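Trainee: Following is a predicted model, sequence given first.
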Amino acid sequence: AALTVRFLTRRFIGEYGDMEFIYSHNLTVDGREILFHIWDVPNSQQSEEGSSEEKRIQWADCFVLVYSICDRASFNILPLKIQFIKAAKEGQSQEKVPIVIVGNKRDLHHRRVVSSEEGRLLALSLDCGFYEVSAAE
């Protein structure tokens, strides 16, 4: 949620509830107006398997999966999430589904438990993009 709000408003808010939201946002990219719809799902609700998660996956055109560099469990769940997404999306067509892995909280390097290299290697092995960021900065 912090990363989504930072993208949409350029402000950082540190504390969020455990609710999912759908945001809409206009952005000009290469002179073209693009309308984004972002379905922001908290980590606790992402663990649902079944119809709710399947509905989210079918709704989306691309995926940004965010983990905390300070939380190994949030990183370790990514391979399963990505396999689930690819099975649901790529099973329907021959097109590759765009997925980006984002390590957040880069500013908290003193609490880091997942290295940048681990993130890059995971993304490479799963054919995903990779970034490390700080929503706070």
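Mentor: On my side now, so go ahead.
Trainee: what's stretch 104-116 in contact with?
Mentor: Outside of stretch 104-116, the residues within contact range by C-beta atoms under 8 Å, 6 or more residues apart in numbering are 2-3, 66-72, 75, 103, 132-137. For every residue, glycine as well, the C-beta is placed using N, CA and C.
Trainee: pLDDT-wise, which helix or strand of this protein ranks last?
Mentor: helix 43-46 (a mean of 53; mean pLDDT, DSSP states H and E).
Trainee: got the buried residues for the helix or strand just after that helix?
Mentor: Note on helix 43-46: by DSSP states H and E, the next helix or strand toward the C-terminus is helix 51-59. Within helix 51-59, the residues scored as buried using 16 or more other C-beta atoms under 10 Å are 53, 56-57.
Trainee: Remind me what helix 51-59 packs against, helices and strands.
Mentor: Other elements packing on helix 51-59 under the criterion 3 or more C-beta pairs under 8 Å, 6 or more residues apart in numbering; DSSP states H and E are helix 78-90.
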